[in-house]
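Engineer: Fold the following, please.
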Amino acid sequence: MALSLQLDRASPVPLARQIQGQIERLIREGWLGPGVKLPATRELAQALGVNRTTVALAYEELVAAGRARAHVGQGTFVAAPPAGEARPAPPARVPLDWSRLFSRSAHIAGSGAERRAALPGGARPLISFAEGTPDSGLFPTDAFRRVLNQVVRAEGTALLQYPPGGDGYPPLRAYLATYLLRFGVEARADDILVVNGSQQGFDLIARTFVDPGDVVAMEQPTYPRAIDVFRAAGAQLVPVPWGREGPSAEALEQVLARHRPKLFYCQPTAHNPTGVTMAPEVARRVLDAAARHHVPVVEDGFDGSLYYGDRRPLPLRALDRDGLVLYIGTFSKVLFPGLRLGWLVAPPPVVERLRAAKQLADLGTSPLIQAAVHRFCERRLLDRHVARIAKEYDRRRTGLLEALGQHMPEGVSWTEPRGGFSLLLTLPAGCDAAALLPRALRRGVGFTPGARFFLDGSGERTARLSFSSVPARRIDDGVRRLAEAIADWRRSKSPRPTPERVEALVV
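Structural biologist: Residues are numbered from 1 along each chain as shown. Purely as a prediction, here's the structure:
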């Protein structure tokens with residue numbers, strides 16, 4: 001280890017005593033704990049520009065004072081404090097008020113602790129429908145490790161340098177242009193910007209388009225982290241309610257006319273939290289309204305490979321004839337979330353501005369990861385993997401729907417997902433999902449209260465159930481436990497009979 005000590009050569013205090021005193025202070029205040037090895041005398045003497053004998057003398061005094069112990073051939077170590085010695089309190093100082101220094105334009109929506117409380121995955125329930133993430137047990141880790149090793153051997157010298165430019169690894173961008181064609185999205189490589197996951201895509205769009213006070217229209221319910229990003233940019237968020245076939249086109253028309261928003265954010269396919277997919281007629285009406293009012297649409301695109309219906313719907317970007325849609329895609333749902341690899345598709349002038357914003361943020365996405373993903377995809381390993389997981393997630397989705405139909409009491413309804421990882425449950429009248437959660441956890445099942453997905457604080461009666469991380473064999477048991485928790489809530493809320501009613505019952 002290295003120590004940074006300050007010596008005053010003009011002081012009458014000998015240098016050895018100064019070294020001893022500073023190390024003693026670090027020990028007393030807990031910066032150097034028991035058992036920590038002190039630097040070798042030669043190493044510390046060289047760092048401080050003193051004679052080695054000076055450091056050796058300081059160490060001898062530390063040992064004599066009981067602050068250190070020396071072992072021949074091993075070195076000098078911090079000793080355990082004498083029994084009963086209390087660490088002195090640091091001198092009282094007025095703490096810095098960090099909140100006074102935060103940017104007034106950065107409206108961060110809730111602390112990490114608040115978000116963890118809202119999303120109860122940390123409670124570690126026995127059966128958790130709370131995590132809307134891929135099942136790590138299905139990850140193709142061995143295959144990806146092999147391609148990662150291959151690209152390191154083939155291009156390691158270049159890939160481990162700073163990335164040239166900020167667009168992304170050229171072979172990956174060329175592959176993405178072909179990959180997106182299978183979903184109807186026509187994009188040249190120059191229209192694509194590789195980013196660190198879809199979350200960075202939201203952030204770059206917010207930085208590029210949104211000034212504090214601007215209006216952003218958003219579907220409701222919607223993805224909570226998109227809410228957080230636009231709120232952090234200082235935007236005023238206006239909800240557009242979802243129905244059975246997507247956002248209300250009539251409500252969107254009114255919002256666009258009345259508020260003139262900078263952007264409209266939506267998830268047309270595999271909507272989170274409902275799993276519903278926007279109907280083609282609704283998609284056309286949304287695009288027509290956006291074109292008339294000259295409002296860009298931010299499309300959060302879930303990979304079309306994970307669609308559970310007969311005909312895979314086209315993304316809005318594929319239907320866009322006016323160049324209004326900014327499309328965000330990611331490999332997080334079909335490959336590994338930990339790769340943090342996504343992309344933005346936008347017109348060239350927009351890509352240029354987004355690239356400039358990204359350069360300020362991180363200088364570029366890891367070329368090594370991009371090259372490995374490109375090789376994984378080019379060798380059709382992604383296609384094989386997706387074919388396998390799509391069947392498994394569909395099996396879990398079907399199991400969840402069947403279990404809900406079998407176990408849920410009257411008054412409970414739910415959406416039927418056609419894509420994605422989750423559905424939205426609506427609880428009986430008067431039942432608050434956040435209040436129900438502790439009862440459910442006691443029965444060994446978890447979920448995500450739905451209010452987190454609503455802009456205006458509504459949604460108390462809703463809960464998101466995600467099926468992607470729950471083994472198929474456990475889904476039925478989890479739904480049964482949740483149904484029991486709802487029944488338990490109903491019993492606790494039932495009015496107790498009056499004495500007269502009791503007498504009547506007895507009779």
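
Engineer: ok, then the element right after the helix or strand residue 424 falls within?
Structural biologist: In the assignment (DSSP states H and E), residue 424 maps to strand 422-426. The helix or strand immediately downstream of strand 422-426 is helix 433-442, counting by DSSP H and E.

Engineer: Contacts for that following helix, please.
Structural biologist: 120, 123, 125, 427, 446-447, 449-451, 460-463, 481-482, 485-486, 488-489 (Cβ atoms under 8 Å, 6 or more residues apart in numbering). Where C-beta positions appear, they are placed from N, C-alpha and C, glycine not excepted.

Engineer: Equivalent analysis for stretch 465-475, please.
Structural biologist: So stretch 465-475 is contacted by 127-135, 392-393, 395-397, 399-400, 403, 414, 421-425, 447-448, 478 (Cβ under 8 Å, 6+ apart).

Engineer: can you give me the strands in the stretch 351-500 of the chain?
Structural biologist: Using DSSP state E, counting those that start in this stretch, the strands of the stretch 351-500 of the chain run over residues 413-414, 422-426, 445-446, 448-449, 462-466.

Engineer: Columns mean neighbour count on top of these, output as a markdown table?
Structural biologist: Output for the strands of the stretch 351-500 of the chain, formatted as a markdown table (neighbours: other Cβ atoms under 10 Å):
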| stretch | mean neighbour count |
| --- | --- |
| strand 413-414 | 16 |
| strand 422-426 | 23 |
| strand 445-446 | 26 |
| strand 448-449 | 25 |
| strand 462-466 | 27 |
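
Engineer: List only buried entries from the contacts of stretch 465-475.
Structural biologist: Buried residues within those, counting neighbours by 16 or more other Cβ atoms under 10 Å: 127-132, 134-135, 393, 396-397, 399-400, 403, 414, 421-425, 447-448, 478.

Engineer: Distance check, the residue nearest to residue 468 when sequence neighbours are not counted against residue 64.
Structural biologist: For residue 468, the nearest residue in space outside its immediate sequence neighbours is residue 421; the separation is 3.8 Å by Cβ to Cβ, 6 or more residues apart in numbering. Separation of residue 421 from residue 64 (Cβ to Cβ, to the nearest Å): 65 Å.

Engineer: Could you do residue 407 as well?
Structural biologist: 74 Å.

Engineer: Which one's more surrounded, these two?
Structural biologist: When residue 407 is set against residue 64 and neighbours are counted by other Cβ atoms under 10 Å, the residue ahead is residue 407, at 19 against 10.

Engineer: Who are the contact partners of that one?
Structural biologist: 476, 479-480, 482-483.

Engineer: swap the cut-off to 6 Å and go again
Structural biologist: Neighbouring residues of residue 407 by Cβ atoms under 6 Å, 6 or more residues apart in numbering: 479-480, 483.

Engineer: now, which of the residues you listed lie within helices?
Structural biologist: 479-480, 483 (DSSP state H).

Engineer: can you list those residues in a markdown table and add neighbour count?
Structural biologist: Shown next, in a markdown table, are the ones in helices among the contacts of residue 407 (neighbours: other Cβ under 10 Å):
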| residue | neighbour count |
| --- | --- |
| 479 | 26 |
| 480 | 17 |
| 483 | 20 |
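
Engineer: quick check, nearest of the residues you listed to residue 162?
Structural biologist: residue 479 (50.2 Å; Cβ to Cβ).

Engineer: nearest residue to the closest one other than its sequence neighbours?
Structural biologist: residue 403 (3.8 Å).

Engineer: How about residue 408?
Structural biologist: The nearest residue in space to residue 408 (Cβ to Cβ, 6+ apart) is residue 483, at 5.4 Å.

Engineer: picking that back up, got a list of what the residue nearest to residue 468 touches?
Structural biologist: Counted by Cβ under 6 Å, 6+ apart, residue 421 has contacts 132, 466, 468.

Engineer: of all those, which comes closest to residue 183?
Structural biologist: Nearest to residue 183 among the contacts of residue 421, with distances taken as Cβ to Cβ, is residue 468, at 20.2 Å.
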